[in-house]
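Enquirer: how does the following fold in three dimensions:
(4 chains)
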2 protein chains.
Amino acid sequence: MQEGTALLKTHISKRIFLEDDEFEHFLSFFSPKIVKKRQYIIQPDFIPSHRNFVTKGAMRAYIIDASGNEHTIQFAIENWWITDYNAYIYQKPATMFVMAQEDSTILQVNRENEIKLKALNPKFETFFRIMAERSTAYMQRRVIERLTLSAEERYRQFLDKYPLMVNRFPQYSIASYIGVTTEFLSRMRKDRLGR
Amino acid sequence: MQEGTALLKTHISKRIFLEDDEFEHFLSFFSPKIVKKRQYIIQPDFIPSHRNFVTKGAMRAYIIDASGNEHTIQFAIENWWITDYNAYIYQKPATMFVMAQEDSTILQVNRENEIKLKALNPKFETFFRIMAERSTAYMQRRVIERLTLSAEERYRQFLDKYPLMVNRFPQYSIASYIGVTTEFLSRMRKDRLGR
DNA sequence: CGGATCGTTGATCAACTTCAACGGTCGTGG
DNA sequence: CCACGACCGTTGAAGTTGATCAACGATCCG
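Expert: Residues are numbered from 1 along each chain as shown, chains lettered A, B, ... in the order given. Below you'll find the predicted structure:
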């Protein structure tokens, strides 16, 4: 078994129960890939072929808007999935960049294999259903936070929820994730937070 | 067959293929409910027992934040699902209100029946997986819009995407959905939009 | 008819952005 | 192994966007 599959196995077993041979079958559809820091696995205008599970390192998905500003959509470190979700699901050209923030290793399924997996075993289908449900819930929480909290509160929540992310991603990317400019985050940290 | 199930049947058949008896089986887990204007089907602190499919009328999910301001999380008219997603999925106390904006009719599944359905037939599981995947994609688009667009652009997009919603929900609820105050939306409409 | 509900308008204010400049650090090539 | 440039965070000053508060008018419905 490849390096890193142990992490994915644990990840899966927290969501569904699989027999050993089912695990092996499931994992056989994934292939490992090494990505060097600053290298891209998804770029705008190309259809993203894979859903990616990070087994080592740190990756980041972001968009560049009409005025050239960068907005972080998602962070991913070990045990997180990352892709341009819309583009991957509907197999349309990506609008995001997904970039390695550190030298990383990921496990990839491509869209065809994912579809095969879902058809192969109802448990696999269940796994993807649970993932999607939780993602929806997660994204909805993010929408709610954006509607109801101030910039400072959003930053505090971020520190609280993702303490492991804080030191592995540049500050400007965290600023753009919570929806403020680098400068303003810098000022908040200086004026209002004890760090 | 109950009134309204025809809508749900069409809705399902756009996502998965079912035989007639499977349809009937699926639909037998749902029950219709009539909700009068201004009546609530979900309230904070109560665990939401149902996922709701609107067959007639209009419903709205919103949150009241710490300073007493209302924020619309979701609109639903005919053929839309609505619930407090986080609370329903994890069976925790709701944080949202879900209210009928017009006299409405909905079809309800409760959590236990939904779980039974998923276990009963892999196709049913697939249906819920597809719903969840699309919801994730949808919510992610909303996050991206909020990060990259101005208030005016968000309102224009709303008009563009949900022309049917505009006349069925009060303006302040649309304002809070796109993340501005009623007053500011009113001014935008006056100053900058031809209506 | 009368109150609730909703949208509008004006004046002022706060949150956050923009632009420009600077300083530190880190990694890479010569 | 040093120097230089990229990268990143910080700071200041001024500008915008959108919020807040208060008042008013219209409409709808019972």
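Enquirer: what is the distance between the longest helix along chain A and the centre of its chain?
Expert: With DSSP state H setting the assignment, residue counts place helix A:122-148 as the longest helix in chain A. Put simply, helix A:122-148 sits 12 Å off its chain's centre (CA atoms, centre = their mean, to the nearest Å).
Enquirer: quick one: residues in contact with stretch A:142-160.
Expert: Contact with stretch A:142-160 is made by A:165-166, A:174, A:177-180, A:184-185, A:188, A:192-193, B:63, B:65-66, B:69, B:71, B:73, B:95, B:139, B:142-143, B:146, B:176, B:179, as judged by CB atoms under 8 Å, 6 or more residues apart in numbering or on different chains. (C-beta placed from N, C-alpha, C; glycine too.)
Enquirer: between the two ends of it, how far is it?
Expert: With CA to CA, to the nearest Å as the measure, stretch A:142-160 spans 14 Å from end to end.
Enquirer: for DNA strand C, what's the nearest residue on chain A?
Expert: Per CB to the nearest atom of the strand, the residue of chain A with the smallest distance to DNA strand C is residue A:184, at 3.3 Å.
Enquirer: need phi/psi at that residue.
Expert: Main-chain dihedrals, residue A:184, degrees, to the nearest 10: phi -70, psi -40.
Enquirer: check the secondary structure at residue A:109 for me.
Expert: Using DSSP: H, G, I helix; E, B strand; the rest coil, the structure places residue A:109 in strand.
Enquirer: what's the closest non-adjacent residue to residue A:82?
Expert: On the basis of CB to CB, 6 or more residues apart in numbering or on different chains, the spatially nearest residue to residue A:82 that is not a chain neighbour turns out to be residue A:76, at 3.8 Å.
Enquirer: which strands and helices sit next to whichever strand or helix holds that neighbour?
Expert: If you go by DSSP states H and E, residue A:76 is part of strand A:70-77. Counting by 3 or more CB pairs under 8 Å, 6 or more residues apart in numbering or on different chains; DSSP states H and E, the packing neighbours recorded for strand A:70-77 are strand A:50-56, strand A:58-64, helix A:163-166, helix A:171-178, helix B:122-148.
Enquirer: how far away is the residue most central in space within chain A from DNA strand D?
Expert: Averaging the C-alpha coordinates of chain A gives a centre point, and the residue nearest to it by CA atoms, centre = their mean is residue A:82 (3.2 Å). Shown here: residue A:82 relative to DNA strand D, a distance of 18 Å by CB to the nearest atom of the strand, to the nearest Å.
Enquirer: what do you get for residue A:182?
Expert: Distance check for residue A:182 against DNA strand D: by CB to the nearest atom of the strand, it reads 5 Å.
Enquirer: wait, that residue sits on residue A:175?
Expert: Yes: Residue A:182 is within contact range of residue A:175, at 4.8 Å (criterion: CB atoms under 8 Å).
Enquirer: what about the two, which has more around it?
Expert: Set side by side, residue A:182 and residue A:175 show more neighbours around residue A:175, with 23 against 15, by other CB atoms under 10 Å in any protein chain shown.
Enquirer: pLDDT at the more buried one, what is it?
Expert: Predicted confidence (pLDDT) for residue A:175: 97.
Enquirer: helices and strands around the strand or helix carrying residue A:185, which ones?
Expert: Assigned by DSSP H and E, residue A:185 belongs to helix A:182-192. Packed against helix A:182-192 by the contact rule (3+ CB pairs under 8 Å, 6+ apart) you find helix A:151-161, helix A:171-178.
Enquirer: in CSV, list the ones you listed along with distance to residue B:7.
Expert: Output for those, formatted as CSV (distance: least, CB to CB, whole Å):
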stretch, distance to residue B:7
helix A:151-161, 39
helix A:171-178, 39
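Enquirer: of the ones you listed, which approaches residue A:54 most closely?
Expert: The stretch from these with the least distance to residue A:54 (CB to CB) is helix A:171-178; that distance is 15.9 Å.
Enquirer: contacts for the closest one, please.
Expert: When contacts are defined by CB under 8 Å, 6+ apart, helix A:171-178 is touched by residues A:60, A:62, A:69-73, A:75, A:151, A:154-155, A:158, A:165-166, A:181-182, A:184-186, B:147.
Enquirer: show the buried residues in the residues you listed.
Expert: Neighbour counting over the contacts of helix A:171-178 (16 or more other CB atoms under 10 Å in any protein chain shown) leaves A:60, A:62, A:70-73, A:75, A:154-155, A:158, A:165, A:185, B:147 as the buried ones.
Enquirer: tell me how far the closest residue to residue A:30 other than its chain neighbours lies from DNA strand D.
Expert: Nearest in space to residue A:30, with sequence neighbours left out and distances taken as CB to CB, 6+ apart, is residue A:107 at 4.4 Å. With the distance defined as CB to the nearest atom of the strand, residue A:107 ends up 25 Å from DNA strand D.
Enquirer: over to residue A:62?
Expert: Per CB to the nearest atom of the strand, residue A:62 is found 12 Å from DNA strand D.
Enquirer: contact partners for that residue?
Expert: Under the criterion of CB under 8 Å, 6+ apart, the neighbours of residue A:62 are A:70-73, A:96-97, A:99, A:173, A:176.
Enquirer: so what's it bridging to?
Expert: For residue A:62, the residues forming beta bridges with it (DSSP bridges) are residue A:72, residue A:97.
Enquirer: what about residue A:137, how many neighbours?
Expert: Residue A:137 has 20 neighbours, counted by other CB under 10 Å.
Enquirer: what sits closest to the residue of chain A closest to DNA strand C if chain neighbours are left out?
Expert: Distance criterion CB to CB, 6+ apart; nearest residue to residue A:184, sequence neighbours excluded, is residue A:151 at 6.7 Å.
Enquirer: now swap in residue A:60 and tell me
Expert: With CB to CB, 6+ apart, the residue lying closest to residue A:60 is residue A:101, at 5.1 Å.
Enquirer: the one you found against residue A:37, yeah?
Expert: Yes: contact between residue A:101 and residue A:37 holds when scored by CB under 8 Å: they sit 7.0 Å apart.
Enquirer: more neighbours: which of the two?
Expert: A direct count of neighbours by other CB under 10 Å for residue A:101 and residue A:37 places residue A:101 higher, at 20 against 12.
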